[in-house]
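[1] Build the 3D model from these lines:
(3 chains)
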Amino acid sequence: MGDTSFALIDGNSFYCACERVFDPSLKDRPVIVLSNNDGCAVARTPEAKALGIKMGAPYFKIRDLCDKERVAVFSSNYALYGDMSARMNAIYRDVAPEVEIYSIDESFLSLGIIPPHERVTFSRDLRAKVLKWTGIPTCVGIGPTKTLAKLANHIAKSNSGLGGVCDLTSAEERKYWLPRVAISEVWGVGAASQRKLAQMGVKTASCLASLDSSVARKLMTVVGEKTVLELRGVSCLALEAVAPQRKGCAVTRSFGRKVTQLSDMLEAVATHATRGAEKLRRHGLEAGHITVFMHTSPFAEGPPHSASRTVHFPEPTADTIDLIRATGRAVKDIFRPGYGYAKSGIIMEDLVEAGSSPRSLFDTRDREKSEALMQAYDAINQRFGRGSVTAASAAAKDSTWQTKFEMCSPRYTTVLEDLPQAIARVHSKG
DNA sequence: TCTGGGGTCCTAGGACCC
DNA sequence: TCTGGGGTCCTAGGACCC
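    Numbers count the residues shown, from 1 in each chain, chains lettered A, B, ... in the order given. A predicted model of the protein is given here:
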């Protein structure tokens, strides 16, 4: 048995890198990818960062700069990023005994069975393979705990001399690097904890590692206590190779334009409910209750309004019609005329595996009928594309409320018409 | 005059993550 | 004009019970 050892591998400027894979003209050009509704910059290449474009910068504030500097700007293309992510994880699963997919571009690998002196070479080989097979550049951090592996990854990213790999396995390496990293870079330390820690003079990762763990607990709950121990090399967070059953499932969107009419709000929420029910069925789940919310923009001048309503189902369901009915009633109850709403959403909770809950004696719905209808519905949309059939209340092709995606690249890898074309010229020798 | 105490469950809100 | 979406975990405090 080896000791505990983790690697954290992630894509560099991942969304931007995905765009570059399929458009070589973006090489060396600054690239950014925007959040939903073309709201803020959520991914930037080093060239874009060098122009001063900050993480989360609202697009309308940086648009002029982007035009002037010929920044390539993209809406989020989740079909593309999700597919590239799956390709990377397939490679990890090939080379590591256990893989935990932590986010769309980050995975933890267990390296315990690899001898300590071979871990850096292993990581360099892995980076090379991922680059060759997917086109995505990565960095790898290695450590005896997940928190140290995350920290090592950050160090690898910000010190180009390390060749994309940093190993914090040894105490000497940690003694060198931890005083050079600010607490804001430590996994689990957010703005609130940063403020409290700074007041006590704790400013670097090494300071935090030597903080009394009971003090850390008082300041940042048990989560912070674990962070301190992990920084010392005591593993408190295990690799989760099997994703635990999810607790909730949400569909929320900002509107392309402010919504003032009840009819538009009903249509938007019915569309969320439709998407939500599809999501539940795809995961084989049913929801016990659903919450609808809507609110005005926190940045707007006018009077604010925020409201939510939770509806409990008589028994768990993933039926589109059930969800639309429940959310429709809730919307009518909480909608206030006279406000310009910026966002609405649904949150489904109390999730159970489909069919696992005992049937209610008094349930009057015909479950078999509902399940058959939903199966047919999903099959048609699978075959002919999302939205081919839909509930009348959710039908909306060109509604004013639709979220903006005005600069989306093609779905290169998941939609046939969008496949990139390669042209090979064959010269025959006469 | 003087009015318990301890347990469970649920929810809202905060903090954090990418 | 224009500021994302989708998660997790922890804690405090109220409701309720005996």
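[2] Quick check: the residue of the stretch 101-250 of chain A nearest DNA strand B.
    residue A:190 (2.1 Å; Cβ to the nearest atom of the strand). Any C-beta I mention is one placed from the backbone N, CA and C, and that applies to glycine too.
[3] isn't there a helix covering residue A:252?
    No: assignment of residue A:252 by DSSP: H, G, I helix; E, B strand; the rest coil gives strand, placing it outside any helix.
[4] Report the beta-bridge partners for it.
    residue A:345 (DSSP bridges).
[5] Distance check, it against residue A:109.
    Separation of residue A:252 from residue A:109 (Cβ to Cβ, to the nearest Å): 32 Å.
[6] ok, the two, which is more surrounded?
    Higher neighbour count among residue A:252 and residue A:109: residue A:109, with 27 against 14, using other Cβ atoms under 10 Å.
[7] Beta-bridge partners for that one, please?
    For residue A:109, the beta-bridge partners are residue A:7, residue A:99 (DSSP bridges).
[8] I'd say it and residue A:92 touch.
    Yes: distance between residue A:109 and residue A:92: 5.8 Å, which falls inside the contact criterion (Cβ atoms under 8 Å).
[9] any common contacting residues for those two?
    Counting by Cβ atoms under 8 Å, 6 or more residues apart in numbering, the residues touching both residue A:109 and residue A:92 are A:9, A:99.
[10] that older thread, quick check: pLDDT value at the residue of the stretch 101-250 of chain A closest to DNA strand B.
    What the model reports as pLDDT for residue A:190 is 96.
[11] residues contacting the closest residue to residue A:100 other than its chain neighbours?
    Residue nearest to residue A:100 in three dimensions, not counting chain neighbours: residue A:108, with 4.3 Å by Cβ to Cβ, 6 or more residues apart in numbering. By Cβ under 8 Å, 6+ apart, the contact set of residue A:108 is A:6-8, A:99-100, A:102, A:146, A:149, A:239.
[12] can you rerun that using 6 Å?
    By Cβ atoms under 6 Å, 6 or more residues apart in numbering, the contact list for residue A:108 reads A:6, A:8, A:100, A:102, A:239.
[13] Residue A:148 versus that one, what's the distance?
    12 Å.
[14] my guess is residue A:293 is in a helix, correct?
    No: checked against three-state DSSP, residue A:293 lies outside a helix; its state is strand.
[15] Around DNA strand C, which positions in the stretch 51-200 of chain A sit nearby?
    A:56, A:58, A:60 (Cβ under 7 Å from any atom of the strand).
[16] Count the neighbours of the residue of the stretch 101-250 of chain A closest to DNA strand B for me.
    For residue A:190, using other Cβ under 10 Å, the count is 10.
[17] Now do the strands in the stretch 201-350 of chain A.
    Ranges of strands in the stretch 201-350 of chain A, per DSSP state E, counting those that start in this stretch, are A:248-259, A:285-296, A:306-317, A:341-353.
[18] sec struct for residue A:410, please.
    coil.
[19] For it, which residues are in contact?
    residue A:418.
[20] State the distance from it to residue A:418.
    Taking Cβ to Cβ, one finds residue A:410 at 4 Å from residue A:418.
[21] next one: residue A:129
    26 Å.
[22] Same question for residue A:279.
    Distance from residue A:279 to residue A:418, by Cβ to Cβ: 23 Å.
[23] same question, residue A:157
    Residue A:157 is 31 Å from residue A:418, by Cβ to Cβ.
[24] The two: which has the busier surroundings?
    Counted by other Cβ under 10 Å, residue A:157 and residue A:418 do not tie: residue A:157 has more neighbours, with 18 against 15.
[25] Test of understanding: give the bridge partners of the closest residue to the more buried one other than its chain neighbours.
    Counting by Cβ to Cβ, 6+ apart, residue A:139 is the residue found nearest to residue A:157 once chain neighbours are left out, at 4.8 Å. Beta-bridge pairing for residue A:139 (DSSP bridges): residue A:10.
[26] Enumerate every residue touching residue A:139.
    Residue A:139 makes contacts with A:153, A:156-157, A:164, as judged by Cβ under 6 Å, 6+ apart.
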